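Student: Provided below are the primary sequence and the corresponding predicted coordinates.
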Amino acid sequence: MRKIDPAEYQKRLDRITELFSGMVRAADAKSLMRCPYRDRHDDCTAAIRCRNQRPPREGAKLQQCGHDGGLDYRTAWESNPDSYPRAKERVKRIREEAAARRANGAPKAPER
C-alpha cells in the first residue's frame, strides 16, 4: 500500500473545501430570497400564517405564496416578527464572544 503524502492530501482537502464553500455561499444567499414553504407551483405549504399568503387559485387547496423574492421573508411570519432583530443581534454577539475566546485560547463557555 502506498503512503499518503500529507501535503498532497491537504491540497486535495483545500480544493474540496473551496468547491463546497462556494455552494454553501450560494445556498445561503438563496435561502434569504426564497421562502422555504414556497413549492415549485408557488403554493404556500406553511402551517403558519404569513402576511405573504394569497388566496388559493381556483380549484387549488393551498394558498398562493405572494412572496416575490425581493425581501427577507423571515420577518413576515406572524409568530413575533419584532423579535427577529433581537435574535439576530444575540446570535451576532454570541459568535463574536466565541471568536474572541478562540482567539485567546480560552476554554469553552458554560452551556446557557
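Tutor: In hand now; what should we look at?
Student: roughly how far apart are residue 15 and residue 23?
Tutor: For residue 15, the distance to residue 23 equals 13 Å [C-beta to C-beta, to the nearest Å]. For every residue, glycine as well, the C-beta is placed using N, CA and C.
Student: Any stretches of the chain with poor pLDDT?
Tutor: 69-82, 106-112 (pLDDT under 70).
Student: 90 - rerun?
Tutor: In the predicted model, the chain carries pLDDT under 90 at residues 1-4, 22, 25-42, 46-53, 57-61, 65-91, 98-112.
Student: Can you show me the helices along it?
Tutor: Assigned by DSSP state H, the chain shows helices spanning 6-31, 83-104.
Student: Could I get those helices in CSV, plus columns for mean neighbour count and distance to residue 49?
Tutor: Shown next, in CSV, are those (neighbours: other C-beta atoms under 10 Å; distance: least, C-beta to C-beta, whole Å):
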stretch, mean neighbour count, distance to residue 49
helix 6-31, 10, 21
helix 83-104, 11, 16
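Student: so which of those comes closest to residue 61?
Tutor: helix 6-31 (26.3 Å; C-beta to C-beta).
Student: For that closest one, what is the distance to the chain centroid?
Tutor: 17 Å (C-alpha atoms, centre = their mean, to the nearest Å).
Student: ditto for stretch 87-98
Tutor: 15 Å.
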